[in-house]
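Engineer: Turn this into a model:
(2 chains)
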Protein chains: 2
Amino acid sequence: MTYDLVVIGAGPGGFDAAVEAARLGLSVALVEKDFLGGTCLNRGCIPTKLWLGATSVLEELHNQSRMKVASGEVTVDFAALQSRVQKHLAGTRKAMAMQLKKLGVELVEGFGKLGGDHLVTVETAEGEVSLEYKKLVIATGSKPIFFPGLEPDNDCVLDSDMFLSMESMPESLIVVGAGFIGLEMAQVAHRFGAKVAVVDAMDRVAPLEDPEVSKALGAVFKRWKWDVRLEERVAGVLTRDGKAELTFQSGDKLTADKALVAVGRGPVTQGIGLEEAGIEMLFNQIQVDDYLMAAPDIYAIGDANGHIQLAHAASHQAHYVALHAAGRTEAPYAAGPVPSVLYGAPEAMRVGTMENEAFLQDYDTTEVSVAQLAANPMAQAHAATQGFVKVVWSGGRVVGVTGVGHDVSRLVTPATLIVQQGWTEEDVHKTIFPHPSLDEALLMALTAERKKVQ
Amino acid sequence: MTYDLVVIGAGPGGFDAAVEAARLGLSVALVEKDFLGGTCLNRGCIPTKLWLGATSVLEELHNQSRMKVASGEVTVDFAALQSRVQKHLAGTRKAMAMQLKKLGVELVEGFGKLGGDHLVTVETAEGEVSLEYKKLVIATGSKPIFFPGLEPDNDCVLDSDMFLSMESMPESLIVVGAGFIGLEMAQVAHRFGAKVAVVDAMDRVAPLEDPEVSKALGAVFKRWKWDVRLEERVAGVLTRDGKAELTFQSGDKLTADKALVAVGRGPVTQGIGLEEAGIEMLFNQIQVDDYLMAAPDIYAIGDANGHIQLAHAASHQAHYVALHAAGRTEAPYAAGPVPSVLYGAPEAMRVGTMENEAFLQDYDTTEVSVAQLAANPMAQAHAATQGFVKVVWSGGRVVGVTGVGHDVSRLVTPATLIVQQGWTEEDVHKTIFPHPSLDEALLMALTAERKKVQ
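Structural biologist: Below you'll find the model as predicted:
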């Protein structure tokens, strides 16, 4: 048979594309070489959130203890947590498989590659299978990348996959790379009592964020007595005598029980016949047009096209390509603002254009307005009042929102809608925000005095 | 001097009206007989949230313990908590007073009443003061009401004000009235280990909510072994031998250390010269027109006009009357959808029209779509997967959203925007929701299969 749609990769992008297309009545085959759910479910966002969720009680206790309101002792059993995580992941994969079955999507387990005109070949356990398609979606995702000298050895030097598979939490940890992945994992280690060092070549942690958000995060890490080394170039990291040993280019050294290397992720696009199919690549990223097409009848979505490395961006692209493949839309793909969240305590959130970006883009009317969390009763209730919410305005409209502090992730969806709609000052007062709520910090930032960006 | 605006009552409505008007350049006097911040700050939402926030660690620990992931013992010191609450309230009042001073608002402390044409008289500690006004805002708020036989005695029978002032938490508690106030306070008592009984004349708890939300809440309370007595008429409750004794009309009795009577709140509108000024009243509620005016040059906002007993509704009305009084708008008042939240664990949220209301309003095209929290990774991470999110559609547009379960309050602001904008199915896919997040439960409900309301 010829499938209306074949999808390679069953992460958030590929899985959603297959499901959506099947719902639209297309015949679909989904090819996956590993686990349903991809990196996000199995080795990324989800296990990290389960770790953070299970340990949030430690953070809450710490905050209330500091206020002398609560006292006590809580222990989180890492082995029990890991077993709960695995159980959850297996349960989710099972539910996903059932959903595919119910929708009539054929799941083909094995390594898939492009095999000539409208053909995908899959190396399955039972031998090679050929799938003929009318349209193809490449959703092969990404994997950790490493600079020379930083390669993980799965002994004391780990990548994020290995870190999430540990059987016990190390007592000391070096994290190379102060992006979201490294910071979330470092935070969990911290909650388990690990001594944490964070190393980055940039001049601030979370370098994709608004600089003031980075600064606020850095202040928290300092309070936690993390050893944060910025603008430091790492010569290498390796296992020596059962410890991770990091050597800076300066010759200085750091040692810890484990090192986590989280310097970035790159597309999984090699060895699957893309170049042979005439697909254009740039830094391993599949180049796509306004319809997310890499070649006639071939879409590429998610981390593989390098647009933005976020699961929800991939899912959104997936929904679009399913519609487009089914002939339900002829419009080009429109992403809209893409929200981004760092979980933990503090959290950070961002959507739209940031102050420093707005300035670079030469907006002549860029302003910012800020509200501090200290004034918010919910932040007070959780004894976590450090942080702020910042709104970026351009031409009298909201173009971006960011924030850092207790529970600010809850602001990201309303902020996404507000940026999408480009609210003016008048729009703000059309909406009733609930009281009391952390959401009011967003309202306060929207109504605070605006200052021109210097 | 003649004030452009005099405001009676410095709760969320009155305070915000005074501040907004001053910002718009009006000369303003604010009359308050008690504390700045009114019921919400001093005897209502804020202290309750501080109680819930400080004790949320107990709930988190309980959930993770049930999963055998965490173990330990946490104690919350009620006396320390109460002292922290008082400190927070005093600090907030101080900040409010400073804000008034900075804006040039004259705070007149004393009991204010209407004193003839464009005149308010205030009984202050230094004697009677007369304030001449061009426009007047009545924002006198509400207070607990009682049915005969249910009056608090401040010994073992308490109203919510007295309950919040307790020096220790009782070991057993009867709550009369299963509305939000009673349920939030009962939940705090439960966290402190109190044996809880809840009594209501209605056939379900939280009777203003969607019936399925009430049912879900009821199931949780049952799991907590609360003694929930519904459709029960209370003959009376009184203090006998140092205990609260409640007698049902059936003759049955309940006893506990304390009883909290939270059967409702009524407007504070008596004895301040409203009838004499020709203001129309209905069940003590000040009747207002489309401009929130009760008489020429006299506005009434917040609980006093009986529209909706929520602080944020009062604040929103306040913003409008300040603009209207300043001549900045001539349009009638438009509330838009008003969000409502029950805090605690579980939480409940609601905005817009509910399924049962939609049906009563004879929508011919009412549908609902539902997502269970069990499928949400953040609910899983907090081991709190009971609950759901429900979307109500009419004519193909979202008219209401409700939900119950872990952290669903975070859905209420996006839901308010969605109801306000009357999203269609197509609108849903224009927006990217962050992954993973509890917000995705709202997305799942928006995209779930719709069912006609029976």
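Engineer: and A:Ala189, what is it in contact with?
Structural biologist: A:Met169, A:Pro170, A:Leu173, A:Val196 (CB atoms under 8 Å, 6 or more residues apart in numbering or on different chains). Where C-beta positions appear, they are placed from N, C-alpha and C, glycine not excepted.
Engineer: Over to A:Ala21?
Structural biologist: Residues counted as contacts of A:Ala21 (CB under 8 Å, 6+ apart) are A:Asp4, A:Leu5, A:Val7, A:Val28, A:Ala322, A:Ala325, A:Ala326.
Engineer: and what of A:Gly193?
Structural biologist: A:Met169, A:Glu171.
Engineer: repeat that for 6 Å
Structural biologist: Taking CB atoms under 6 Å, 6 or more residues apart in numbering or on different chains, we find A:Gly193 in contact with no residue.
Engineer: tell me what whichever strand or helix holds A:Gly91 is packed against?
Structural biologist: Using DSSP states H and E, A:Gly91 sits in helix A:78-103. The contact analysis (3 or more CB pairs under 6 Å, 6 or more residues apart in numbering or on different chains; DSSP states H and E) places helix A:78-103 against helix A:45-66.
Engineer: Report the backbone C-alpha coordinates of the helix or strand that the helix it packs on is followed by in PDB.
Structural biologist: As assigned by DSSP H and E, the chain's next helix or strand after helix A:45-66 is strand A:70-76. Output of strand A:70-76 as PDB, limited to C-alpha atoms (Å, rounded to 0.1, in the frame of the first residue of the first chain):
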ATOM      1  CA  ALA A  70       7.600  25.200  59.300                       C
ATOM      2  CA  SER A  71      10.200  22.800  60.600                       C
ATOM      3  CA  GLY A  72      11.000  19.200  60.000                       C
ATOM      4  CA  GLU A  73      13.000  16.800  57.900                       C
ATOM      5  CA  VAL A  74      12.000  15.400  54.500                       C
ATOM      6  CA  THR A  75      13.900  12.800  52.600                       C
ATOM      7  CA  VAL A  76      13.300  12.000  48.900                       C
END
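Engineer: Let me see the contact set for whichever residue of the stretch 301-450 of chain A sits closest to chain B.
Structural biologist: Closest to chain B within the stretch 301-450 of chain A is A:Ala381: 2.6 Å, counting by CB to the nearest CB. Contact analysis of A:Ala381 by CB under 6 Å, 6+ apart lists B:Lys49, B:Leu50, B:Gly53.
Engineer: tally of neighbours for the residue lying closest to A:Ala379 once chain neighbours are set aside?
Structural biologist: Leaving aside its sequence neighbours, A:Ala379 sits nearest to A:Leu373 (CB to CB, 6 or more residues apart in numbering or on different chains; 4.3 Å). Neighbour count of A:Leu373, defined by other CB atoms under 10 Å in any protein chain shown: 25.
Engineer: Give me the distance between A:Leu373 and A:Val85.
Structural biologist: Here the criterion is CB to CB, to the nearest Å. By it, A:Leu373 lies 31 Å from A:Val85.
Engineer: for A:Thr365, same thing?
Structural biologist: A:Thr365 is 48 Å from A:Val85, by CB to CB.
Engineer: Among the two, which residue is more densely surrounded?
Structural biologist: Using other CB under 10 Å, the more surrounded residue of A:Thr365 and A:Val85 is A:Val85, with 22 against 12.
Engineer: wait, isn't the more buried one in contact with A:Leu50?
Structural biologist: Yes: using CB atoms under 6 Å, A:Val85 is in contact with A:Leu50, at 4.9 Å.
Engineer: ok so, going back, mind checking which of the contacts of A:Ala21 are in helices?
Structural biologist: Residues of the contacts of A:Ala21 located in helices (DSSP state H): A:Ala322, A:Ala325.
Engineer: how about the contacts of A:Ala21 in CSV, adding neighbour count and pLDDT?
Structural biologist: Below are the contacts of A:Ala21 laid out as CSV (neighbours: other CB atoms under 10 Å in any protein chain shown; pLDDT from 0 to 100):
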residue, neighbour count, pLDDT
A:Asp4, 18, 98
A:Leu5, 27, 98
A:Val7, 35, 98
A:Val28, 29, 98
A:Ala322, 28, 98
A:Ala325, 26, 98
A:Ala326, 17, 98
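Engineer: Just flag the most distant two among the contacts of A:Ala21.
Structural biologist: The largest separation in those, counting by CB to CB, is between A:Val7 and A:Ala326 at 13.3 Å.
Engineer: and which of the contacts of A:Ala381 is nearest to chain A?
Structural biologist: Nearest to chain A out of the contacts of A:Ala381 is B:Gly53 (CB to the nearest CB; 2.6 Å).
Engineer: Spatially nearest residue to that closest one (excluding sequence neighbours)?
Structural biologist: That would be A:Ala381: by CB to CB, 6+ apart, it lies 2.6 Å from B:Gly53.
Engineer: Kindly report the same for A:Val6.
Structural biologist: Distances taken as CB to CB, 6+ apart place A:Tyr133 nearest to A:Val6, at 3.8 Å, with adjacent residues excluded.
Engineer: quick one: the one you found from B:Asp257, how far?
Structural biologist: Separation of A:Tyr133 from B:Asp257 (CB to CB) stands at 71 Å.
Engineer: Mind checking which of these two has more residues around it?
Structural biologist: Comparing A:Tyr133 with B:Asp257 by neighbour count (other CB under 10 Å), the higher total belongs to A:Tyr133, at 22 against 18.
Engineer: In this structure the more buried one contacts A:Ile8, no?
Structural biologist: No: A:Tyr133 lies out of contact with A:Ile8 (CB under 6 Å); the separation is 10.0 Å.
Engineer: Am I right that A:Val419 is in a helix?
Structural biologist: Yes: counting by DSSP: H, G, I helix; E, B strand; the rest coil, A:Val419 is part of a helix.
Engineer: That one reaches A:Gly352, doesn't it?
Structural biologist: Yes: judged on CB under 6 Å, A:Val419 makes contact with A:Gly352 at a distance of 3.9 Å.
Engineer: what residues are shared contacts of these two?
Structural biologist: Residues touching both A:Val419 and A:Gly352 (CB under 6 Å, 6+ apart) are A:Pro337.
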